[in-house]
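please work out how this folds:
(4 chains)
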2 protein chains.
Amino acid sequence: MTKKVKITPSVAEQALIRLMRVGDRLWRKSDERFSQWGLTDNHYNVLRILNGASDPISQAEIGRKMLSSRANVTKLVDLLEQRKFVKRLACSDRRVNLVELTDEGAKFIEETLPMVIGMANEEMKPLTRDEQKTLFVLLGKLLEE
Amino acid sequence: MTKKVKITPSVAEQALIRLMRVGDRLWRKSDERFSQWGLTDNHYNVLRILNGASDPISQAEIGRKMLSSRANVTKLVDLLEQRKFVKRLACSDRRVNLVELTDEGAKFIEETLPMVIGMANEEMKPLTRDEQKTLFVLLGKLLEE
DNA sequence: TGGAAATAGTTTCCCGGTTGACAATTTTGA
DNA sequence: TCAAAATTGTCAACCGGGAAACTATTTCCA
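Model prediction:
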């Protein structure tokens, strides 16, 4: 028979695995929930970015903020535009499309955001507020490499 | 112009978003690294599960442990079998395939595991050991719903 | 100033994963 | 006991996202 490699995983590795697992689960749940509106988590992300921006922003900028490829942003904006949540504007730099939220898009955000935030709160309920804060800080340290 | 919805994100939501973001980044890096062996993170996961199991286990069981669909486990095992890392065995319950690690698969794990663990340690280096432990515990609370 | 390099957006192709249908088999319970 | 329900593995179709190639445009700098 095969001889198995015995390993006692380090704390670092255990934490890493759990981090990936929790993250994966949250993405799945999130996508599952947004599908009720025929959208992806990422579609909604675009809407929130636009809602948070004071001015229309370029697709490349959107891609940078959400760590998505330019190619994919094109597709995301395509759908959102077809849904009339978003509009592409010409820009003086004729390479770029500026994207802005339409009134309809803003209305959609307004109607759905409370529910979305509610889901987040629900998801984090097992942690006290202090623990949530601690988690936030620790994850922050991992983000800046 | 559109009226934007103003929201100050809750601590819970900020932590959740960061959690998803960090998780996503880790998955990407992980996949990128495993690709040097022509494998996916998930392929390796299967090997580790088999390495950790004392006996051959069914594909359905593998899928359960790694939160992957049965259909996908079929494909994962297909490749691993073709690579000779894994073997399918008949089972008295004739619906199931038992899967076991071959000597070659065990050898592969033995050779690569130190590197994989090293990557994990590297990734978590921004945190002290205590912080890693704290992170592990907090994430644990999120896992049990 | 003019040509090389950089940037933006799109399109095509590919890849990994899921869903749903299916056949084979086993378990359940009336 | 035996038909209905559940389980397992597979396959085909689909879907979201990434990489590379391409065009159009702008910036850089020798």
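
where does the residue nearest the centre of chain A sit: helix, strand or coil?
Geometric centre of chain A, nearest residue: residue A:45, 4.9 Å, by CA atoms, centre = their mean. Using DSSP: H, G, I helix; E, B strand; the rest coil, the structure places residue A:45 in helix.

so what's the residue lying closest to it once chain neighbours are set aside up against?
Excluding the flanking residues, the one nearest residue A:45 by CB to CB, 6 or more residues apart in numbering or on different chains is residue A:66, at 5.1 Å. Just so you know, the C-beta spots here come from the backbone N, C-alpha and C atoms, and that holds for glycine as well. When contacts are counted by CB atoms under 8 Å, 6 or more residues apart in numbering or on different chains, residue A:66 touches A:42, A:45-46, A:49.

make it 10 Å
Taking CB atoms under 10 Å, 6 or more residues apart in numbering or on different chains, we find residue A:66 in contact with A:41-42, A:45-46, A:48-49, A:72-73, A:76, B:21.

what's the spacing between it and DNA strand C?
Remark: distance between residue A:66 and DNA strand C (CB to the nearest atom of the strand, to the nearest Å) = 13 Å.

now residue A:79
12 Å.

single out the residue in chain A that lies closest to chain B.
Residue nearest to chain B within chain A (CB to the nearest CB): residue A:23, separated by 1.6 Å.

rewinding a little: ok, the residue nearest to the centre of chain A touching residue A:77?
No - the criterion here is CB atoms under 10 Å, and residue A:45 misses it with residue A:77 at 11.8 Å.

quickly list what's touching both of the two.
Both residue A:45 and residue A:77 are in contact with residue A:62, where contact means CB under 10 Å, 6+ apart.

re earlier: for the residue nearest to the centre of chain A, what are its contacts?
Applying CB under 10 Å, 6+ apart, the residues contacting residue A:45 are A:30, A:34, A:39, A:62, A:65-68, A:76, B:17.

highest neighbour count among those?
For the contacts of residue A:45, neighbours were counted using other CB atoms under 10 Å in any protein chain shown, and residue A:76 has the most, 24 neighbours in all.

do you know the pLDDT at it?
With respect to pLDDT, residue A:76 scores 98.

before we move on, what about residue A:64?
What the model reports for residue A:64 is a pLDDT of 96.

how about residue A:39?
96.

cool, and the one 10 residues further on?
What the model reports for residue A:49 is a pLDDT of 97.

which non-adjacent residue is nearest it?
Closest to residue A:49 by CB to CB, 6+ apart is residue A:65, at 5.4 Å.

list the contacts for that neighbour?
A:45-46, A:48-49, A:52-53, A:57, A:73.

that'll do, ta.
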